[in-house]
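> show me how the following folds:
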Amino acid sequence: MLNKVFLIGRLTRDPEIRFLPSGSQVTSFTLAVNRAYRSGNEWKEETYFFDIEAFGMLAERLGKQLNKGTQILVEGQLRQDRWETASGEKRVKVKVVAEKVNMISGKTTEKPAEKEEEPELDITTEPEDFSSDEDVPF
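Numbers count the residues shown, from 1 in each chain. Purely as a prediction, here's the structure:
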């Protein structure tokens, strides 16, 4: 079976960091992903929001390096959580468990009207891969 997802989007808020009873870190955040489509002769856009979780060393690095507005590429798997509320209602939520995360660009900021447009992203360079522990400066 195959369970693989790739998403490019921006963080809607700063990452939330918590720890499991084992001491392992979990970092979670929401990614906003835009979808452009054509309706007749008009282009429209909708935004989808995906909950992302990362565990262990990847979670530690993401918790330190990401913030609201950062554009990233997430490679991961879908996970379905199921539970029952205190009133007996059954709930289901689908999340993405990140395996690799590449930062595409930093936080976006409002730019003044008198400034020139931001240059396009140079996609010929390889985005930074946060999933590797090599070359860690500490």
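
> the residue most central in space within the chain pairs with what?
The chain has residue 31 as the residue nearest its centroid, 4.4 Å off, counting by CA atoms, centre = their mean. Beta-bridge pairing for residue 31 (DSSP bridges): residue 11, residue 50.

> quick check: it vs residue 91, distance?
Using CB to CB, to the nearest Å, residue 31 is found at 21 Å from residue 91. Backbone N, C-alpha and C define where each C-beta goes, glycine included.

> list the buried ones in stretch 88-105?
95-96, 98, 101-103 (16 or more other CB atoms under 10 Å).

> so which of these belong to strands?
Judged by DSSP state E, strands contain the following of the buried residues of stretch 88-105: 95-96, 98, 101-103.

> so when I look at residue 21, I'm seeing a strand, right?
No. Under DSSP: H, G, I helix; E, B strand; the rest coil, residue 21 falls outside any strand and is assigned coil.

> per-residue confidence for it?
Looking at residue 21, its pLDDT is 92.

> where in the chain is pLDDT low?
107-138 (pLDDT under 70).

> before we move on, back to that, with respect to residue 24, which of the ones in strands among the buried residues of stretch 88-105 is nearest?
residue 98 (14.3 Å; CB to CB).

> for that closest one, list the residues it contacts.
Contact analysis of residue 98 by CB atoms under 8 Å, 6 or more residues apart in numbering lists 52-54, 58, 62, 74-76.

> keep only those of those residues that are in strands.
Members of the contacts of residue 98 lying in strands (criterion: DSSP E): 52-54, 74-76.

> out of those residues, which is most surrounded?
Highest neighbour count within these, by other CB atoms under 10 Å: residue 54, with 28 neighbours.

> isn't that residue right up against residue 100?
No. The criterion here is CB atoms under 8 Å, and residue 54 misses it with residue 100 at 9.6 Å.

> could you pull out the strands for the chain?
Assigned by DSSP E, the chain shows strands spanning 5-11, 16-19, 25-39, 42-55, 71-84, 90-105, 128-129.

> packing partners of the third one?
When contacts are defined as 3 or more CB pairs under 8 Å, 6 or more residues apart in numbering; DSSP states H and E, strand 25-39 sits against strand 5-11, strand 16-19, strand 42-55, helix 56-65.
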